[in-house]
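Visitor: Structure of the sequence below:
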Amino acid sequence: MINIWMNSSLLVTISSYKLFEGCRISFRYYFLLSLSLLLSACDEPKKQDSLQHVLDTGVLRVGTIYGLTTYYNGPNGPEGFEYELAAGFADYLGVKLEIFPYYTVNELFPQLDNAHLDVIAAGINVSSERYAQFRFGPAYQNVSQKLVFKQGDVRPRELSDLTGDFMVVAGSGHSETLRNFKAQNPDLSWQETNDKDSEELLEAVLADELDYTVVDSNILALMRRRYPELSIGFSLSQSQGIAWATSQKSDDALRAALIEYFGQIHENGTLAALEDKHFGHVRQFNYVDTRDFIRSAASKLPQYQTLFERYSNDLDWRLLAALSYQESHWDPRARSVTGVRGLMMLTLNTAKDLGVTSRLDPEQSIRGGSEYLATLLTRIPDRIPSPDRLWFALASYNVGLGHLEDARVLTERQGGNPDMWVDVKKRLPQLRQKRYYKTTRYGYARGHEAVIYVDNIRRYYDTLVWLNEQQPELLPVEAEIEVEVEDTTAEQNISDTKLDAQTPEDPQDNSSLTPPLSSNEDADKQADVEKRKDKEITDESQSEKTSSSIPPQAEIETTADVIPGLTDKVETNNGPS
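Guide: Numbering: from 1, shown residues only. So this is what the prediction gives:
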């Protein structure tokens, strides 16, 4: 990683600058130009005025490449981690953003040299070869390069095991890494292509058109939610920094602005929130769960898709469906040991409040669950922006608004931002630790399960969006729905005992603290049901689901904490209420 904070004079200048934040725009530009002088060598020839050009034209020209983690056109306009960072940098400079997307990295760098671009933001690894040719801003993310093969094939454990068709993207950091290995491995051979990107090469591996490819760990983590058969052979590199590139022909003023911008968004938590938004929910990967979810989307979801669409209201129906899968695995007769039931796992009291007469009726359950989630959203403070307010509402669906509020209070006490999910999710697990929960209003809660709960729904939702948009034939709509009438009289007592997620302020709080079993565990589930049969209240309990597994850590190293000398503390002027 490039250390950009070693110059003591630079640190003094930055510290002095913070004393004059009230001077805002004019002083900022003066500061950035002064900072560029510190970064430039005195004996170098005169450089192009990079920052001044951006300010004079009022336009920041950013080059990137099309991709899952960089830039693409979504249903609501441009999207992508790199795009959001670039938009933030343009706002920071007070100029207009112009994005120039390309198809290959090889097309990007010449545009930078020819001054057609001001900066490249394309998830670029800062290798020694690239560092010798370009100037880079601070590293804001770490990834490693993974050798990928198809599940079921013989796993390669080192370069000498590679015996089949091997292809990587031309001009990428992966080809550079392989060239470095070639000297010690003369038999190593591979192909390079400009016609496919990393995602397409991964799909070629799945289609048996290739045996191996190399991909960055952050991209692989996202792709495995779609294609669980992608497996990791070994890592070709240790963690490498990802940073933006500027031209060596320009002065250091623009790079100085990058240093300050990334330092600022690191310190105020914006970088961590963006990183969590795009990658936080894919750090864990479970092959069986992902495979079963995709199968269920094809076999079970079609029975209920029209209902999710009908009652989604202002929500995306796919989010409602993802919530339902997390709760019940789309089993309308599902039951938790705490007494919640149905597709949306409603408590008996919540169902009554929502006018649900039978929680086993898919239509009533979906309508009730949608209305309940909408109610929770209205109770999240308006100042909290999307998507954080949605994550808070989903956590409340699981652990209760009272316990969520406790976690937000703990967050503020510890110097975090109670209005940011990335900060609050770190404190939710503390609700099961006595030294923390004894200081809260509502006491003990299994807050760690709420974090897993939200992450799972986010992953399921992402996969549903992909299935629905890329492979709509996997989600047919026509299907018959069987409706069963629920006998609630016998189970009144058991549903009323579910207290640890309910609070005096939230008497109707819904909490499914024990996610259901995956469909591949049918045999174990049946055995468990037989053992419990004498304890069951109704014959409908044959579909009881009582356990879950926490997925293992995924092969991904993405972190926002890669700028030395900056603290994790987030200042906030807002209370948690």
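Visitor: only C-alpha atoms for contact and neighbour calcs from this point on.
Guide: OK.
Visitor: Low-confidence ranges, the stretch 401-550 of the chain, go.
Guide: 470-550 (pLDDT under 70).
Visitor: If you could redo that for the chain, that was the one I meant.
Guide: In the chain, residues with pLDDT under 70: 1-48, 75, 470-577.
Visitor: so where do the strands sit in it?
Guide: For the chain, the strands defined by DSSP state E cover 59-65, 72-74, 77-79, 96-102, 119-125, 135-136, 141-143, 145-150, 167-169, 191-193, 213-216, 230-235, 240-246.
Visitor: can you list contacts of the last one?
Guide: Meaning strand 240-246. 1-2, 112, 118-127, 134-144, 254-255 (C-alpha atoms under 8 Å, 6 or more residues apart in numbering).
Visitor: number of nearby residues for S239?
Guide: Applying other C-alpha atoms under 10 Å, we find 19 residues neighbouring S239.
Visitor: my bad, should have said P418
Guide: 27.
Visitor: can I have the longest helix seen in the chain written out in PDB, keeping just the CAs?
Guide: The helix spanning the most residues in the chain, taking DSSP state H as the definition, is helix 447-470. Presented in PDB, the C-alpha positions along helix 447-470 are these (Å, rounded to 0.1, in the frame of the first residue of the first chain):
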ATOM      1  CA  GLY A 447     -28.400  -8.700  18.700                       C
ATOM      2  CA  HIS A 448     -25.800 -10.700  16.700                       C
ATOM      3  CA  GLU A 449     -28.700 -12.600  15.100                       C
ATOM      4  CA  ALA A 450     -30.200  -9.400  13.900                       C
ATOM      5  CA  VAL A 451     -26.900  -8.500  12.000                       C
ATOM      6  CA  ILE A 452     -26.900 -11.900  10.300                       C
ATOM      7  CA  TYR A 453     -30.600 -11.600   9.600                       C
ATOM      8  CA  VAL A 454     -30.200  -8.300   7.800                       C
ATOM      9  CA  ASP A 455     -27.100  -9.400   5.900                       C
ATOM     10  CA  ASN A 456     -28.900 -12.600   4.700                       C
ATOM     11  CA  ILE A 457     -31.900 -10.600   3.500                       C
ATOM     12  CA  ARG A 458     -29.600  -8.200   1.600                       C
ATOM     13  CA  ARG A 459     -27.900 -11.200  -0.100                       C
ATOM     14  CA  TYR A 460     -31.200 -12.900  -1.000                       C
ATOM     15  CA  TYR A 461     -32.500  -9.600  -2.400                       C
ATOM     16  CA  ASP A 462     -29.400  -9.000  -4.500                       C
ATOM     17  CA  THR A 463     -29.700 -12.600  -5.900                       C
ATOM     18  CA  LEU A 464     -33.500 -12.100  -6.600                       C
ATOM     19  CA  VAL A 465     -32.800  -8.800  -8.500                       C
ATOM     20  CA  TRP A 466     -30.300 -10.600 -10.600                       C
ATOM     21  CA  LEU A 467     -32.500 -13.600 -11.300                       C
ATOM     22  CA  ASN A 468     -35.500 -11.400 -12.100                       C
ATOM     23  CA  GLU A 469     -33.600  -9.000 -14.400                       C
ATOM     24  CA  GLN A 470     -31.100 -11.400 -16.000                       C
END
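Visitor: Report the distance from it to the chain centre.
Guide: Relative to the chain's own centre, helix 447-470 is displaced by 9 Å; criterion: C-alpha atoms, centre = their mean, to the nearest Å.
Visitor: Repeat that for stretch 390-401.
Guide: 17 Å.
Visitor: Now that stretch: buried residues?
Guide: For stretch 390-401, the neighbour count (16 or more other C-alpha atoms under 10 Å) marks L390, W391, F392, A393, L394, A395, S396, Y397, N398, V399, G400, L401 as buried.
Visitor: And those residues, which is closest to L431?
Guide: Nearest to L431 among those is V399, at 10.5 Å by C-alpha to C-alpha.
Visitor: do you know how far that closest one is from F392?
Guide: 10 Å (C-alpha to C-alpha, to the nearest Å).
Visitor: again with I232
Guide: Taking C-alpha to C-alpha, one finds I232 at 33 Å from F392.
Visitor: D208 now?
Guide: Taking C-alpha to C-alpha, one finds D208 at 42 Å from F392.
Visitor: try E363
Guide: From E363 to F392 the distance is 25 Å (C-alpha to C-alpha).
Visitor: Over to Q151?
Guide: For Q151, the distance to F392 - C-alpha to C-alpha - is 36 Å.
Visitor: what does G63 give?
Guide: 35 Å.
Visitor: ditto for H174
Guide: 39 Å.
Visitor: re earlier: output the buried residues of stretch 390-401 in TSV; the columns should cover distance to E371.
Guide: As requested, these are exported to TSV (distance: C-alpha to C-alpha, whole Å):
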residue	distance to E371
L390	14
W391	16
F392	16
A393	12
L394	13
A395	16
S396	14
Y397	11
N398	15
V399	17
G400	16
L401	16
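Visitor: now, which of these lie within helices?
Guide: Short answer: those in helices (DSSP H) are L390, W391, F392, A393, L394, A395, S396, Y397, N398, V399, L401.
Visitor: residue contacts, the fourth one?
Guide: By C-alpha under 8 Å, 6+ apart, the contact list for A393 reads L373, L376, L377, I380.
Visitor: what's the closest non-adjacent residue to the last one?
Guide: Distances taken as C-alpha to C-alpha, 6 or more residues apart in numbering place R389 nearest to I380, at 6.3 Å, with adjacent residues excluded.
Visitor: Could you do the third one as well?
Guide: Spatial nearest neighbour of L377, chain neighbours left out: A393 (5.4 Å); criterion: C-alpha to C-alpha, 6+ apart.
Visitor: Backbone dihedrals for G339, please?
Guide: With angles defined as degrees, to the nearest 10, G339 sits at phi 100, psi 0.
Visitor: wait, doesn't it sit right on N349?
Guide: No. Using C-alpha atoms under 8 Å, G339 is not in contact with N349, being 10.8 Å away.
Visitor: now the residue most central in space within the chain: how far from R130?
Guide: Residue closest to the mean C-alpha point of the chain, counted by C-alpha atoms, centre = their mean, is F279 at 3.0 Å. Distance, F279 to R130, by C-alpha to C-alpha: 25 Å.
Visitor: same question, Q141
Guide: 17 Å.
Visitor: More neighbours: those two, which one.
Guide: Taking other C-alpha under 10 Å, Q141 and R130 do not tie; Q141 has more neighbours (23 against 15).
Visitor: my read: V409 touches D419, true?
Guide: No. With contacts counted by C-alpha under 8 Å, V409 stays clear of D419, the gap being 10.3 Å.
Visitor: distance between stretch 353-373 and the chain's centre?
Guide: So, by C-alpha atoms, centre = their mean, the centroid of stretch 353-373 is 29 Å from its chain's centroid.
Visitor: Could you list the buried residues of it?
Guide: Neighbour count says stretch 353-373 has 354, 356-373 buried, by 16+ other C-alpha under 10 Å.
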